[in-house]
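Colleague: 3D, please:
(chains A, B and C)
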Amino acid sequence: MAGLKTENLTRYFGGLAALNRVNMEFRENEILGIIGPNGAGKTTFINVIAGIYLPTEGKIFFNGQDISELPAHKRCRLGIGRTFQLVRPLQGLSLLENVMVGSLFGKGFSQREARKKAEELCEFLGLRDITRDITRMTALEIKKMEIAHALATQPKLLFLDEVMAGLNSDETMEMIDLVKRIHSRGIGIGIVEHVMRVIRELTDRVVVLDWGEVIAEGPYGEVSNDPRVITAYLGEEA
Amino acid sequence: MRNLRYLLYIAVLIILLTLPLYTGVYLLNVMDIILIYIALALSWDMLLRSGQISFGIAGLFGVGGYAAVLLHLNFGINPLISILMGGVAAGALAWLVGMAVLQLRGMYFAIVTLALAEIFRVIIRNFPDLTGGPEGTILPSAIFAGNSTKTYWLVLTVAVVSIIASEIFRRTRIHFALTSIRNDEIVARSSGIDVFKYLVFIFVITSAIQGMTGGAYAHIYGFVSPEGSFSVDFTLLPIAMALLGGMHSTWGPVVGGILLGVVSEFLKLQIPYGHLLVYGLIIVITILFFPQGILGTLGQRLKKTGNE
Amino acid sequence: MNLLSKLKQSSYQITIISFVLAIILAIWKPHVLIEGIQRACLYAVIALPMALILGIVGIINLAHGDFMMLGAYFAYFLNVYTGMDPLVAIFPALLAFFLIGIASYRAIIKYVLGAPELNQLLLTFGLAMIMEQLANLLWTSRPIKLPLNYVSSSATIGSFTFGTFEFVYIGAAIIVLSGLLLFLKRTSTGQAALAVGQNPRGAKLVGIHVDRTYLLIFSLSIALVGAIGAIFMTRHSIFPLVGAPFTMKSFCLIAMAGIGNLVGILWCSLILGLAENFVLSFRGYAGWADILFFALIVLVIMVRSHQRQVK
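Modeller: Presented below is the predicted three-dimensional model:
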């Protein structure tokens, strides 16, 4: 269970404000959707929360602790996990070992324990043949591995960055089910998506970003009818 | 299968240990050089696995040599202990350099290490009273009074230590950390890996090995000098060996070390001036045509035939 | 913009401080000022081609200083066999090394452009070793020098004498820097090169021939470095390893100035050149001048990484 709060979170790149005074709150154990047109700052938001970039202004609070200046690896150990939009699996390691990287360093397990944890997660996500080379995996399997890796760090709050991209209808349904099961384990989820069906089914609340600012907030039904959101962007109905 | 491999290791170890019983002094001396280069090649490869290149092998090697000799001469420290202290000195210097420079990695780090040998040379020349200046310092006697068997065992120990270190780096979580950092630092950081700390750690350990090797070398040959102890040989050959044999592995640098070590003995006699040319060529050719090195390319071929 | 607000800007502060320091030096140690500037220009003129390659082609060339060494030997042998004055030899050197640059690019460099930085570093390191050892093999490590009269020409102002030949370096630096800036900013080829440096893919999309640009810039850089070797030859004795320190000092300057900042390299060279000569002027501490660039580059890296952290 975890509460994350951002206060006037701002991040500049050169002269451009990728995030501008973003105030967002993750209540305990909710699934929060983060949507917005391309370039709205969704991935930047995740990157700043995860610690890949430090905020230019503003603060981030996790479980009451100010984590704004903490380096990424410390935030990971505190319980903030994330997946990457463009997955780059680690060459030279098998599927299982890729997942193990998460369990080895997120919580400091021994190699044996880390391996067991990773195997459990692969099982949970439906990944087979886990000792194989990572060069021969389907798109769905790569995404699952990515999620397994993030889960291996034992997050209390997990950010999923466009995990549904490139999946067909069946695969999307499988993934939605997976996310629900992850959520039922007591992990809060922030999900960035373009596929609105996913957002509609999964999320309790939705936050809409545009040009780095929050322009709307609330349950999907409300937000999707908000004229500002419609003007800015309403994604494709899946 | 596993037991067979362990038996093989033990057999080879026994052969190596008992080598002095049935070979002459010349061969032992050649083995000395080969083993020293193997230790250097391995330690260089260990850092390479994290994605960083150090061109400063000669620098740390020489520092270890000087530390070992000076501690022994000025403080009467036992030669073997002084060799270990050579490793400590090199490690400490690496810690300083690493803390300062490893935040900006890649070419910044590589070029700083390139300058290390020269910097240490200049520093040593500037304190002639302490270090013997440009002519260097000669030890009254080589370690073990020049007994080639004991010398050989010393060097064998150093090489075995580096092999063990390399294997530790391959079998523990360090392997996972190194591979992650090398592949994608952002993913590594998001997995909870403190990249900077790991890099400094690895740089220190590998530099300590290089310093210890330098200490052994200095005691065996009985002298240190700004030109000799920091010679570019000690950077160039280990790199060529590791690349030729196959990087990112333990046995690659070993194979490369044996091959090129033997070749080096030949070349030194044929082309005394500029035989190092060959090693430069090897580096260029390996990078261009088979970056995996001998073992790597063999490994890939085996994998391919395995799949068919 | 009144005077007071101008004074508060840091660039003005730096200019004023440098001016004051220069005047102090001129009075206290005039040798340091003159020779420092001369040396600085030598560093600058060697560093600029490396900056060109790094900024546009994106490759770090660890063999850079060794090309200069080859240029020096080239001028030497040209003089020995044809009696050509090394300063005149600049022109054949430019041509010869342009061709060498083309050959190097086609045969070797091209293949590592897409490869990770690691490969580029190792490859150019190997190249540097090959060049140095080849020189060692062919010409031994014995330093050689040409006895030229005009290099020891000097002038006297008041009570102090200084070498005047070294102003050649200042001239060379000004010519090369302004030449490069004009080329990059005013010619279409140069502007294309800048575009390629910033965004190779985008440049390709608008029809710029990226590979040819790389070839041109690389060969131009090698040509410049070879020609500088010829100038260098006149005043210094040369030996196979003479170029290596310049590779590192050039990189130090580029790191200080920032990649892409050509004019900055000139200012940073002044800092390095003056500082080195300053240290050299104190008897007993002369040995430390060679470490200055190292201290500088470590300092720059520490400052930069701190800046990056804050970002």
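
Colleague: now residue A:8: which helix or strand?
Modeller: strand A:4-13 (DSSP states H and E).

Colleague: quick one: check whichever helix or strand comes after that strand for contact with chain C.
Modeller: Sequence-wise, the next helix or strand downstream of strand A:4-13 (DSSP H and E) is strand A:16-26. No. Using C-beta under 8 Å from any C-beta of the partner chain, strand A:16-26 never reaches chain C; the gap is at least 12.7 Å. Glycine gets a C-beta too; all of them are placed from N, C-alpha and C.

Colleague: pull strand A:16-26 out as PDB, backbone CA atoms only.
Modeller: C-alpha atoms of strand A:16-26 as PDB (Å, rounded to 0.1, in the frame of the first residue of the first chain):
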ATOM      1  CA  LEU A  16      10.700  23.500 -22.800                       C
ATOM      2  CA  ALA A  17       8.600  22.600 -19.800                       C
ATOM      3  CA  ALA A  18       7.900  18.900 -20.300                       C
ATOM      4  CA  LEU A  19       6.100  18.900 -17.000                       C
ATOM      5  CA  ASN A  20       4.500  22.100 -15.600                       C
ATOM      6  CA  ARG A  21       3.300  22.300 -12.000                       C
ATOM      7  CA  VAL A  22       1.800  18.900 -11.900                       C
ATOM      8  CA  ASN A  23      -0.100  18.100  -8.800                       C
ATOM      9  CA  MET A  24      -1.100  14.400  -8.700                       C
ATOM     10  CA  GLU A  25      -2.000  12.000  -6.000                       C
ATOM     11  CA  PHE A  26      -2.000   8.200  -6.000                       C
END
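
Colleague: sheet partners, orientation included, of it?
Modeller: The strands beside strand A:16-26 in its sheet (DSSP bridges) come out as strand A:4-13 (antiparallel).

Colleague: tell me the residue of the stretch 51-200 of chain C that sits nearest chain A?
Modeller: residue C:116 (11.7 Å; C-beta to the nearest C-beta).

Colleague: any idea how many residues pack against that residue?
Modeller: 13 (other C-beta atoms under 10 Å in any protein chain shown).

Colleague: got the phi and psi for it?
Modeller: For residue C:116, the backbone dihedrals (degrees, to the nearest 10) come out as phi -60, psi 160.

Colleague: what sits against residue 44?
Modeller: Just so you know, I chose chain A. With contact set as C-beta atoms under 8 Å, 6 or more residues apart in numbering or on different chains, residue A:44 has these partners: A:11, A:18-19, A:53, A:212.

Colleague: please go with chain C instead
Modeller: Taking C-beta under 8 Å, 6+ apart as the contact definition, residue C:44 lies against C:173, C:176-177, C:253, C:265-266, C:269.

Colleague: next one: residue C:236
Modeller: Taking C-beta under 8 Å, 6+ apart, we find residue C:236 in contact with C:72, C:145, C:242.

Colleague: just the pLDDT for the second one.
Modeller: Okay, so that is residue C:145. If you check residue C:145, the pLDDT there is 86.

Colleague: closest one of the contacts of residue C:236 to residue B:11?
Modeller: Relative to residue B:11, the closest of the contacts of residue C:236 is residue C:242; by C-beta to C-beta it sits at 50.9 Å.

Colleague: need the pLDDT of the closest one.
Modeller: We have a pLDDT of 92 for residue C:242.

Colleague: with the one 5 residues further on instead?
Modeller: With respect to pLDDT, residue C:247 scores 94.

Colleague: and what of residue B:251?
Modeller: So, for residue B:251, pLDDT stands at 91.

Colleague: excluding sequence neighbours, find me the nearest residue to it.
Modeller: residue B:295 (6.1 Å; C-beta to C-beta, 6 or more residues apart in numbering or on different chains).

Colleague: what's the pLDDT at that neighbour?
Modeller: pLDDT for residue B:295: 82.

Colleague: name the element it belongs to?
Modeller: helix B:293-307.

Colleague: off-centre distance for that helix?
Modeller: Between the centre of helix B:293-307 and the centre of its chain there are 26 Å (C-alpha atoms, centre = their mean, to the nearest Å).

Colleague: which residues belonging to that helix are considered buried?
Modeller: The neighbour-count check on helix B:293-307 (16 or more other C-beta atoms under 10 Å in any protein chain shown) flags B:293-296 as buried.

Colleague: what helices or strands is it leaning on?
Modeller: Helix B:293-307 sits against helix B:233-245, helix B:251-270, with contacts defined as 3 or more C-beta pairs under 8 Å, 6 or more residues apart in numbering or on different chains; DSSP states H and E.

Colleague: what residue is smack in the middle of the chain?
Modeller: Let's take chain A. By C-alpha atoms, centre = their mean, chain A has its centre lying nearest to residue A:159, at 1.7 Å.

Colleague: could you do chain B instead?
Modeller: residue B:40 (1.1 Å).

Colleague: in space, what's closest to that residue - neighbours in sequence excluded?
Modeller: residue B:238 is the one closest to residue B:40 (C-beta to C-beta, 6+ apart), at 3.9 Å.

Colleague: any idea how far residue C:207 is from the one you found?
Modeller: 46 Å (C-beta to C-beta, to the nearest Å).

Colleague: for residue C:118, same thing?
Modeller: 32 Å.

Colleague: okay, those two: which has more neighbours?
Modeller: Taking neighbours as other C-beta under 10 Å, residue C:118 and residue C:207 compare with residue C:118 leading, 20 against 7.

Colleague: my guess is that one contacts residue B:49, does it?
Modeller: No. Taking contacts as C-beta atoms under 8 Å, residue C:118 lies outside contact range of residue B:49: 11.2 Å.
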